[in-house]
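Visitor: coords please:
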Amino acid sequence: MSKQLKFFSFSLSILVYDITNKYSFQESIPRWLKEVDEHAPGIPKVLVGNRLHLAFKRQVAARSAEQYASRHKIPLFEISTLCDFNIRESFCEVARLAIERNGMERLWRTNKGECFKARKLRAPLDTLGYHVS
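Guide: Sure thing, here's the model as predicted:
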């Protein structure tokens with residue numbers, strides 16, 4: 001039995017996959033991206049790879065995710081909710097995109113705060129205690 005999804009008035013979309021599960025990236029992300037584009041075209045999207053603290057079990061190469069994000073013109077963040085790494089930056093970026101889309105850039109420019117320094121980069125593993133060669 002197919003479940004009908006209902007899309008209401010969305011302002012943004014955060015597409016999350018597990019870096020330790022290749023199927024969450026290869027199968028789920030394209031399917032959700034298609035759903036979002038069909039039912040809420042034009043909304044800002046951010047691609048988020050979660051569980052960076054388990055990078056030693058990585059099944060989704062950072063390069064593959066970067067290429068996918070670049071091909072679809074979506075910012076990419078790799079985060080660790082366990083280590084509280086890159087979470088604020090990813091949410092600040094999606095908020096900035098939503099504000100920009102809705103023509104309220106002046107609000108963002110007058111209230112920059114910490115979010116203005118959002119970084120679009122993958123986590124340096126050495127900051128999470130992993131040896132990087």
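
Visitor: Restricting to C-alpha, output stretch 29-38 in PDB.
Guide: Extracted C-alpha coordinates of stretch 29-38, given in PDB (Å, rounded to 0.1, in the frame of the first residue of the first chain):
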ATOM      1  CA  ILE A  29      18.300  11.100  -1.200                       C
ATOM      2  CA  PRO A  30      17.400  11.000  -4.900                       C
ATOM      3  CA  ARG A  31      13.800   9.900  -4.100                       C
ATOM      4  CA  TRP A  32      13.300  12.700  -1.600                       C
ATOM      5  CA  LEU A  33      14.900  15.300  -3.800                       C
ATOM      6  CA  LYS A  34      12.500  14.300  -6.600                       C
ATOM      7  CA  GLU A  35       9.500  14.500  -4.100                       C
ATOM      8  CA  VAL A  36      10.600  18.000  -3.000                       C
ATOM      9  CA  ASP A  37      11.200  19.200  -6.500                       C
ATOM     10  CA  GLU A  38       7.700  17.900  -7.600                       C
END
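
Visitor: Run a quick neighbour tally on residue 34.
Guide: Residues lying near residue 34 (other CB atoms under 10 Å) number 10. No exception for glycine: its C-beta is placed from N, CA and C like everyone else's.

Visitor: Now name the helix or strand holding it.
Guide: Applying DSSP states H and E as the criterion places residue 34 in helix 29-39.

Visitor: May I see the buried residues of that helix?
Guide: Buried positions in helix 29-39, judged by neighbour count with 16 or more other CB atoms under 10 Å: 29, 32, 33, 36.
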